[in-house]
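> Based on what follows, work out the 3D shape:
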Amino acid sequence: MHLRGAILWCVYMVNVKGKKILVLGLGVSGEAACRLLADRGAQVRISEGFDTPEVRIRLETLKDHLVGYEIGGHTAKFCGNSKMVIASPGINVQPLCLRGIISKKAVVLGELELGFLFSPAPIIAITGTNGKSTTTRLIGSILSAGGRHAVLSGNIGNPLCGEIDRLTAESVAVVEVSSFQLETIRKFKPHIAILLNITVDHYERHGNYENYKRSKFKIFENQTEKDWAILNSTFLKDTITKNIKSRCIFHSHKNKDVIIEIDGKKEFIAHEKELFLKGTHNLDNIQSAAYASGIMGIDKRVIRQSVVTFKALAHRCEKIAVSGGIEFVDDSKATNIDASRAALEQIQGKVILIAGGRDKGGNYASILSLVKKKVKAMVLIGESAGIMDGAFKKAVPVTRVSSMREAVEKSISLAEMGDTVLLSPMCSSFDMFSGYKERGEVFSREVEKLLLSFGRRPRQTGSLKV
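Sure thing, here's the model as predicted:
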């Protein structure tokens with residue numbers, strides 16, 4: 001992939017009329033990229049690796065936007081002559097180049113980069129292993145309360161490319177950014193870039209921790225001294241921070257309260273005990289959101305009102321039912337070990353833990369002591385069940401099942417009054433589900449159905465203060 005060519009293309013990309021462009025992947029990101037390019041006169045072709053009913057439905061809605069397509073695999077015959085390629089974040093382009101399917105001379109950009117090139121609005125970008133969605137939504141909530149037109153997009157579920165027509169120069173694009181998306185940036189430059197944390201994750205894509213960390217720090221690489229970088233103070237001694245050219249703000253949850261200090265002006269926002277969201281991880285998220293909002297000129301009273309009332313997201317430590325003194329908690333969004341650690345640390349009493357999915361190369365030994373302390377039994381599902389069985393069976397009783405229904409049924413049989421049945425997988429969902437949302441929704445449905453079948457009507461609900 002030619003870097004120089006990519007940079008030159010970035011300069012002229014906003015004029016795509018008549019250009020032949022290949023889009024790799026027909027998920028939500030690929031669809032949004034297709035529509036954006038086609039609406040601006042590009043000749044768009046699509047290559048999708050899967051052939052599913054969902055793909056065919058999406059393809060049907062796009063038929064008037066495309067000049068060609070292939071589904072069920074990426075082939076050199078279809079893709080090999082493409083000079084300009086937009087890649088969806090879920091597609092690792094490097095192997096396709098090595099196999100000759102994509103030309104090594106092709107200019108390859110990601111959907112995030114494409115959206116940035118067309119965006120008229122300043123961007124606040126949020127990345128990190130955990131807390132991205134919470135922080136993104138909180139920033140959007142604060143900005144909106146302060147009278148700014150905030151548009152949320154990115155890894156949160158609606159691609160930036162799909163929101164371009166809603167943005168003006170007076171808007172603020174608040175974008176959740178994954179390491180996969182950052183791999184393919186060239187000129188992407190947020191006015192405010194936030195790095196929340198980095199823990200073990202996505203080794204299946206990045207190979208090791210250092211590669212993963214470098215991908216996260218790419219969020220800062222195009223910033224200038226006119227921009228802002230917001231980081232947790234754990235990165236203060238990391239030599240990689242020396243490469244950041246923007247104005248850096250380091251903060252720590254050790255302060256216990258939400259306080260922002262911008263250009264020498266220090267302002268108190270809220271006491272930790274006033275926050276609805278509990279836990280040190282959420283204090284870091286809230287602190288980052290408060291700083292970003294303060295930089296954008298939002299009054300501290302508006303920031304305070306928003307942060308003290310903001311509640312947990314769906315599928316993130318969401319209490320979905322209580323029956324017979326047993327709580328049922330959906331933490332499907334915990335797709336890595338550290339996210340599950342945060343959930344376990346906040347739950348009182350013993351836990352029946354439903355875990356498993358597609359393994360991401362994490363070190364399960366790192367959570368073993370906490371599991372011994374908090375978990376009564378584990379119920380494992382998905383591709384990683386065998387690996388996790390080997391990692392945890394000496395610490396707690398482990399049962400392997402083949403479906404979410406079986407997992408819920410077994411958990412109910414093991415739980416007693418005062419226990420919590422917690423879905424917190426530590427793994428991605430793509431072995432059994434379309435995403436963590438579907439996994440959480442299936443868990444909730446199975447809980448409700450099984451409780452009703454046992455003659456227990458679940459009492460609703462709310463969110464844990466986690």
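
> Verify the stated contact: residue 246 with residue 220.
Yes. Proximity of residue 246 to residue 220 meets the contact threshold set by Cβ atoms under 8 Å, at 6.4 Å. The way it works is simple: take the backbone N, C-alpha and C, and place the C-beta from them, glycine included.

> what domains does the record give for this structure?
With domains defined by automatic domain parsing, the chain comprises 3-112, 119-309, 318-453.

> Tabulate those in CSV, adding columns for mean neighbour count.
Supplementary listing: the domains of the chain in CSV, determined by neighbours: other Cβ atoms under 10 Å:
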stretch, mean neighbour count
domain 3-112, 18
domain 119-309, 19
domain 318-453, 20
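
> Any chance of those in JSON lines with mean pLDDT as columns?
Shown next, in JSON lines, are the domains of the chain (pLDDT from 0 to 100):
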{"stretch": "domain 3-112", "mean pLDDT": "88"}
{"stretch": "domain 119-309", "mean pLDDT": "92"}
{"stretch": "domain 318-453", "mean pLDDT": "92"}
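
> Identify the residues contacting the most centrally placed residue in the chain.
In the chain, the centroid-proximal residue (Cα atoms, centre = their mean) is residue 155; its distance is 5.1 Å. With contact set as Cβ atoms under 8 Å, 6 or more residues apart in numbering, residue 155 has these partners: 89, 132, 133, 176, 177, 178, 181.

> Residue 208 too?
Under the criterion of Cβ under 8 Å, 6+ apart, residue 208 has no neighbours.

> how about the strands in the stretch 51-200 of the chain?
In the stretch 51-200 of the chain, the strands defined using DSSP state E, counting those that start in this stretch lie at 66-71, 84-87, 107-110, 123-127, 149-154, 171-176, 192-195.

> Show me where the stretch 251-400 of the chain has its strands.
Counting by DSSP E, counting those that start in this stretch, the strands of the stretch 251-400 of the chain are 258-262, 265-270, 318-323, 326-330, 351-355, 375-380, 398-400.

> Just send the ones you listed back as CSV, with distance to residue 167 too.
Converted to CSV, the strands of the stretch 251-400 of the chain look like this (distance: least, Cβ to Cβ, whole Å):
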stretch, distance to residue 167
strand 258-262, 25
strand 265-270, 28
strand 318-323, 30
strand 326-330, 33
strand 351-355, 39
strand 375-380, 44
strand 398-400, 48
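
> Compare the strands of the stretch 51-200 of the chain and report which one is nearest to residue 20.
With Cβ to Cβ as the criterion, residue 20 lies closest to strand 84-87 of these, at 6.9 Å.

> Residues in contact with the host helix or strand of residue 440: which ones?
Assigned by DSSP states H and E, residue 440 falls within helix 436-453. With Cβ under 8 Å, 6+ apart as the contact definition, helix 436-453 has outside contacts at 157, 314-315, 318, 320-321, 323, 328, 330, 332-333, 335, 354, 357, 404-405, 407-409, 412, 421, 423, 425, 428-429, 432-433, 457-458.

> which ones among the residues you listed are found in helices?
Among the contacts of helix 436-453, the residues falling in helices (DSSP state H) are 404, 405, 407, 408, 409, 412.

> Adding distance to residue 192, write those out as JSON lines.
Formatted as JSON lines, the ones in helices among the contacts of helix 436-453 follow (distance: Cβ to Cβ, whole Å):
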{"residue": "404", "distance to residue 192": "39"}
{"residue": "405", "distance to residue 192": "44"}
{"residue": "407", "distance to residue 192": "41"}
{"residue": "408", "distance to residue 192": "41"}
{"residue": "409", "distance to residue 192": "47"}
{"residue": "412", "distance to residue 192": "45"}
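
> Go through those residues and name the one nearest residue 190.
Out of the ones in helices among the contacts of helix 436-453, the member with the shortest distance to residue 190 (by Cβ to Cβ) is residue 404, at 37.5 Å.

> check contacts around the closest one.
Contacts of residue 404 by Cβ under 8 Å, 6+ apart are 381, 432, 439, 442, 443, 446.

> same thing but at 6 Å, please
By Cβ atoms under 6 Å, 6 or more residues apart in numbering, the residues touching residue 404 are 442, 443, 446.

> For it, which non-adjacent residue is closest in space?
The shortest distance from residue 404 to any non-neighbouring residue, by Cβ to Cβ, 6 or more residues apart in numbering, is to residue 442 (4.9 Å).

> Residue 70 pairs with what?
Applying DSSP bridges to residue 70 gives these bridge partners: residue 47.

> My guess is it contacts residue 47. True?
Yes. If you go by Cβ atoms under 6 Å, residue 70 and residue 47 touch, sitting 5.2 Å apart.

> Tell me how far the residue nearest to residue 404 lies from residue 299.
Here residue 442 is placed at a distance of 42 Å from residue 299 (Cβ to Cβ, to the nearest Å).

> With distance to residue 257 as extra columns, can I get the contacts of residue 404 in CSV?
Conversion of these to CSV gives the following (distance: Cβ to Cβ, whole Å):
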residue, distance to residue 257
442, 39
443, 35
446, 41
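
> of these, closest to residue 19?
residue 442 (42.0 Å).

> where do the helices sit along the stretch 101-250 of the chain?
Counting by DSSP state H, counting those that start in this stretch, one finds helices in the stretch 101-250 of the chain at the ranges 111-118, 132-145, 179-183, 203-206, 209-217.
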